[in-house]
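In: Coordinates only, no sequence provided:
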């Protein structure tokens, strides 16, 4: 079990397995990111990360650079 928090993001525009690969790679390239779980049907991405090295804004920016709109999932 990791001591990193998990952030859930809502992602718009995901339609296929290729989208999963693009988002996983974009997030995986960030320092401080551990596990990435993309849930295509739900439109969600769960990201284990170190908030000091990879803050939520950096996660959202990486997803945007991959071509998708993301925002934190409301609690």
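Out: Looks like it came in fine. All figures in this text were calculated on a predicted structure; none of them were measured in a lab.
In: who touches the host helix or strand of residue 57?
Out: Taking DSSP states H and E as the criterion, residue 57 maps to helix 56-65. Contact with helix 56-65 is made by 7, 9, 11, 23, 26-27, 29-30, 33, 45, 47, 49, 69-72, as judged by Cβ atoms under 8 Å, 6 or more residues apart in numbering. Glycine gets a C-beta too; all of them are placed from N, C-alpha and C.
In: make it 10 Å
Out: Residues outside helix 56-65 that contact it (Cβ atoms under 10 Å, 6 or more residues apart in numbering): 5, 7, 9, 11-14, 22-23, 25-33, 36, 45, 47, 49, 51, 54-55, 68-72.
In: now, which of the residues you listed lie within helices?
Out: In this view, those that belong to helices under DSSP state H are 22, 23, 25, 26, 27, 28.
In: Buried ones among the contacts of helix 56-65?
Out: 7, 9, 11, 14, 22-23, 26-27, 30, 32-33, 36, 45, 47, 49, 54, 68, 70 (16 or more other Cβ atoms under 10 Å).
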